[in-house]
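Enquirer: no FASTA, just this:
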C-alpha cells in the first residue's frame, strides 16, 4: 500500500489543464482528443453494452479499447477484433500499473470493493476513472488529490446509483429554476421481471446479484425524513411499511424504504424539503411474504448453522420454529407467523417447496446462504425470460406565487431484450459509456470526485439515452390538500 | 504489545511444580503457602465482598493484599488498614508489570475487555490469574502457554458465569454417577429486584450494567437444542418466545433464551442430551413490553439519531412510527404494535412517561443510549432498595434401569442486604474469592485455562457458599409422559 500513499503536497493543477504527458499530446484546444485509449477493467454483466457502445464510437473518435479481466474467453466472443483483451488479476500490482499507465481513461466494472486499488493507481499515473458503484469512504479520502491533479473520478454512473441521480436532478433543478417550492421528493427503483416472463406467485426472479436481494435492508435502519420529522425503520419492520404505486401500462408495485435517504438531502440539494424518501420496488405481496423470512431469521448471514449438509428444506424452516410434539412444520409456521389459511403467503411458500424433503446439500451455510440456495432454484431465469427495471419519482411542490400544489411523477420502465442483453446491463452500461464519451470529447470539464448530479452530465446523457428507448414519462396533476 | 509476545518455546513445567521464585520460597510440600501476596485489579461493584473475604482469611494464611484501581478514594473507605491501595491505570505497562511481578496471584475485576492485558503480563511473570468474566478468544490463544508454565488461569468464576457452572455440574455429575440418562437440561438466571423493593409495573430496576440490559440479545441469534433439533431465535422474536417458571415463595418468572446454549454441550459434557437451553429471567409481562422497544428499533446501538439534544421523549418514540397528520404518537404506537386498549403494556409505557414532553437532552445518542437514559431515571434504585438474583435449573432424566422419568429442579434466590451490599456483588465476589483461597491453600491443583466446571472446585465452593446463605433448593418429582 505504501506505493499508493497520498501525496498531500502535490501542486494544485488548474482546472481543465492537462497534467499527464499523454493528455498534452493528444488533446486539442477544444478539449476533444485526437485519439484516446480506454481501459475497461472487469467484464461482468454490464460490460457488453458498455464495450459495444465504446466500440461503436471508436472509429469516429479514434479510440483504442482494452478490456482486462480474470477470465477472457467469454469476453473475446463479444468484442470486435480491434479491441484488445488482456487477462488480468486486480491484485497483480505490476500489471495493473502497466495497464493503467498506458491509457488515457479507466473504467472499472469490478465489484465495488476492488475499485480503490484501481483508483490509487489511476491517481499515481494521473488518469481519470469512471465507475457505476457507490462512492466509498476510501475513495473520498482521495478527493483532494483528485482535484489537485485536475482529474475526474466519476462514480455512481449506472442505473441505481446513476440514472436515478440524473433523472431526479433534472426535475429538481427545473422545479427550482421555475421558482416553485419543493415539498416532497420520493424515488423508487426495482430490478424485476418483464410482464410476459412473470410466471410465479412471487412475481420475482433473480435478475441481478442474488445475495444482495437476500440480505437487502440489513445493517443500519432505513432513514428518511417525512413532513420534517426524521424517521427510522429497523430491519424487522422494513417489509411491513410499504407504499403502493401505479405505473401506467404496468400496473401496481409496492416499495419499501431503501437504506439512508438522508444522504440525498445533501447530494440533491434538498435542504429544507420536508419529505425525502427513497425505496425499492417489488410487485404487491412480495414484501409481506418476504417478511416471513426476515421474522424467522432465515436471512441472517452472520453465523453458520449446524448440519446443513443433510438438512431438508423443511428441517431448515423448522430450525426457526418452536418445538411441538405433533404439529407439522407447515402448521407451526403459519401459527407462529399468524398467517391466515387463505393468505397468499401460503401459495408463495408452498411454491418454493419450503416444506418438502428436498435436501439442502450445503456443506457449511448461513441461514441467508441456505435461503438463497432454495430461492435460486425457483427464481432462476428461463432461457426466454427477460428482466425489467422500473424507476419512479414523485415530486410535490407549491407553485411559485400560488397556494396550490402540484404532483409531478416521472417513471421509467425498461424491459430486457434477452436473458443476456438485460435491461439492467443496458441501464448500467450505457450511461457509464456515455459519460466516458462526454469526457473524451471535451464536453465534461469538471474535475474532482463526482457523482452525476449536475446538469453538464445529466442533460446530454438523459437525452442520448432516449435513442436507446430509455426515456422517462412525466405526469403532472393538481395535488389536493390532505390527499 | 511486543512485550507480551507469546514465547512458544517456553519449557513445559511439570504440573504443580512451582515455577516462579516466590512460589519456591513460600509454598510448603502440602501445597499451602506459608505466605502469599494477592493483587486485586479493578475495584468495581463486586470488589467489596471479594476484598472483604480475602481480608478475613489473610491473618490465618498470612496473605498480603494489594488493591489497584484508577480511582482509589472509595476503595480506601472499604478496606482494612493493612491492605495496600494503589492508583493504577491498566494501560500503564510499566506499573502493571511492576505490580504483577511482585505478587503471587492476580484477581482481575476489570471490565472483561481489559483482562487480556493483565493475562499477558501474568504469563510473562508466571502468575496465576482469576476472573469472573467469560473466557475470551484472545485468552484461549494463551492456553498452551498457561499449561506449559504450570499456571492456572481461572475465568467465569462469579455468578453467571460462575455459580451457574458449578451448581449445574454438581447435579449433572451426580445424575451421571448414579447411572441415569439425562434428557433435558435447562438453566435460567436473572438479576432482579427484591420483592419488597418491587414497586413498578415492569417489576424491574437496573441492578447491574444498564447498557447490557438494553442491548441484551443483539448480535447472533439465540441458539439451543430441543428434542434433538437445533433451534435459532433471531433478536426480533427473542422476547416473544418465553417460558414460565415458578419458584416457591417467590412466585412466577418468565425466561427468554440467552445467547448460545450450544457451547455448554461441550463445557458440561452434555453430548447426546436432546434438550439444552439457557435463559434469562424477568418477571412475567416484562418481555412482551420490552419487545415493543425491540420491534420499534429503540434498542439499536449502531447509529446516531438526528437532533437528540432537543428531542422530547415523545418525539424520540415518534421517530420509529409512521407519519400521520392527526393521530397522537401514543395512538400510533398502540395501533402499529397491535396493542389492545386493556393491555398491561400500556401501563408500563405510560409509567415510563414515554409520551411526555420531557427532553432527552443528549448531545449525541444512539436509540439504545436514548432509551437507556429514559429507563435509568425510572428503573433507578431507591436508597432502601435491595436487588435479588434468581437461578433455576431443570433436569429431566430417565432413571437407571427403568422407563420412568424424573424431573429435578434446583433453585437459588439471593436477596441483597442493601443498595451497596447487593446480591449480585455477593454472588460474583464470593465464589471468586473462594477460588483464590482454594488455590493458595493447595486445594486447587489443576493447571491451564479453566472454568469452574469440575468437582475439585465446585464442591468446596458450593459448600462454603452455604455459610453465606447462598444455597440451592432441590425438588424431585416424577415426570409424566407428554407433560
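Expert: Nice, I can see it. The shown structure was predicted, so the numbers you read here are calculated from the model rather than taken from an experiment.

Enquirer: any idea how far the nearest residue to residue A:32 once chain neighbours are set aside lies from residue A:61?
Expert: For residue A:32, ignoring the flanking residues on the chain, the nearest one in space by Cβ to Cβ, 6 or more residues apart in numbering or on different chains is residue A:442 at 4.6 Å. Where you see a C-beta, it was placed from the backbone N, CA and C, and this is true even at glycine. Remark: distance between residue A:442 and residue A:61 (Cβ to Cβ, to the nearest Å) = 11 Å.

Enquirer: quick one: common contacting residues for these two?
Expert: Here residue A:442 and residue A:61 share the contacting residues A:32, A:33, scored by Cβ atoms under 8 Å, 6 or more residues apart in numbering or on different chains.

Enquirer: ok, back up a step: quick one: secondary structure of the residue nearest to residue A:32?
Expert: Following DSSP: H, G, I helix; E, B strand; the rest coil, residue A:442 is assigned to coil.

Enquirer: and it, what are its phi and psi?
Expert: The phi/psi pair for residue A:442 (degrees, to the nearest 10) reads phi 80, psi 10.

Enquirer: same deal with residue A:389?
Expert: Here is the backbone geometry of residue A:389 (degrees, to the nearest 10): phi -110, psi 140.

Enquirer: got it, and residue A:226?
Expert: phi -130, psi 120.

Enquirer: try the one 3 residues further on
Expert: Main-chain dihedrals, residue A:229, degrees, to the nearest 10: phi -110, psi 130.

Enquirer: ok, it - how many residues close by?
Expert: 16 (other Cβ atoms under 10 Å in any protein chain shown).

Enquirer: next one: residue A:222
Expert: Burial of residue A:222 is recorded as 24 neighbouring residues (other Cβ under 10 Å).

Enquirer: can I assume it is in contact with residue A:232?
Expert: Yes: the criterion here is Cβ atoms under 8 Å, and residue A:222 meets it with residue A:232 at 7.1 Å.

Enquirer: in which helix or strand would I find residue A:182?
Expert: Residue A:182 is located in strand A:181-193, with elements delineated by DSSP states H and E.

Enquirer: returning to what we had before: report the separation between the residue nearest to residue A:32 and chain B.
Expert: The spacing between residue A:442 and chain B, counted by Cβ to the nearest Cβ, to the nearest Å, is 42 Å.

Enquirer: Around that residue, count how many other residues there are.
Expert: 15.

Enquirer: and the gap between the residue nearest to residue A:309 when sequence neighbours are not counted and residue B:229?
Expert: Spatial nearest neighbour of residue A:309, chain neighbours left out: residue A:363 (5.4 Å); criterion: Cβ to Cβ, 6+ apart. Separation of residue A:363 from residue B:229 (Cβ to Cβ): 20 Å.

Enquirer: again, but for residue A:282
Expert: On the measure of Cβ to Cβ, residue A:282 and residue B:229 end up 33 Å apart.

Enquirer: got it, and residue A:84?
Expert: Taking Cβ to Cβ as the measure, residue A:84 falls 57 Å from residue B:229.

Enquirer: again, but for residue A:257
Expert: Residue A:257 is 35 Å from residue B:229, by Cβ to Cβ.

Enquirer: Next: residue A:370.
Expert: Residue A:370 sits 15 Å away from residue B:229, going by Cβ to Cβ.

Enquirer: Close to chain B: what parts of chain A are there?
Expert: A:219-221, A:226-227, A:229-237, A:241, A:262, A:294-297, A:300, A:302-303, A:305-307, A:315, A:318-323, A:325, A:367, A:482 (Cβ under 8 Å from any Cβ of the partner chain).

Enquirer: pLDDT wise, what is the residue in the stretch 1-150 of chain A that chain B sits nearest to at?
Expert: Ranking the residues of the stretch 1-150 of chain A by distance to chain B (Cβ to the nearest Cβ) places residue A:137 first, at 15.2 Å. Per-residue pLDDT puts residue A:137 at 95.

Enquirer: From residue B:171, how far out is it?
Expert: Separation of residue A:137 from residue B:171 (Cβ to Cβ): 53 Å.

Enquirer: just the helices in the stretch 201-350 of chain A please.
Expert: A:210-214, A:235-238, A:263-267, A:286-296, A:313-318, A:329-336, A:344-351 (DSSP state H, counting those that start in this stretch).

Enquirer: List of residues touching the first one?
Expert: In this structure, residues lying in contact with helix A:210-214 by Cβ under 8 Å, 6+ apart are A:206, A:299, A:301, A:368, A:371, A:372, A:375, A:376, A:379.

Enquirer: cutoff 7 Å now
Expert: If you take Cβ atoms under 7 Å, 6 or more residues apart in numbering or on different chains as the criterion, helix A:210-214 is touched by A:206, A:299, A:368, A:371, A:372, A:375, A:376.

Enquirer: got it, and the third one?
Expert: Helix A:263-267 has contacts (Cβ under 7 Å, 6+ apart) with A:270, A:271, A:276, A:278, A:451, A:453.

Enquirer: Skip the chain neighbours and tell me the closest residue to the residue positioned nearest the centre of chain A.
Expert: Nearest residue to the geometric centre of chain A (Cα atoms, centre = their mean): residue A:160, 3.5 Å. In space, and not counting its chain neighbours, residue A:160 is closest to residue A:189: 4.3 Å by Cβ to Cβ, 6+ apart.

Enquirer: so who does the one you found touch?
Expert: Residue A:189 sits next to A:160, A:164, A:280, A:281, A:390, A:391 when contact means Cβ under 7 Å, 6+ apart.

Enquirer: picking up where we left off before, I'd like the contacts of helix A:210-214 laid out as TSV, including secondary structure and neighbour count.
Expert: Putting these into TSV (DSSP: H, G, I helix; E, B strand; the rest coil; neighbours: other Cβ atoms under 10 Å in any protein chain shown) gives the following:
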residue	secondary structure	neighbour count
A:206	coil	20
A:299	coil	22
A:368	helix	20
A:371	helix	26
A:372	helix	22
A:375	helix	20
A:376	helix	14
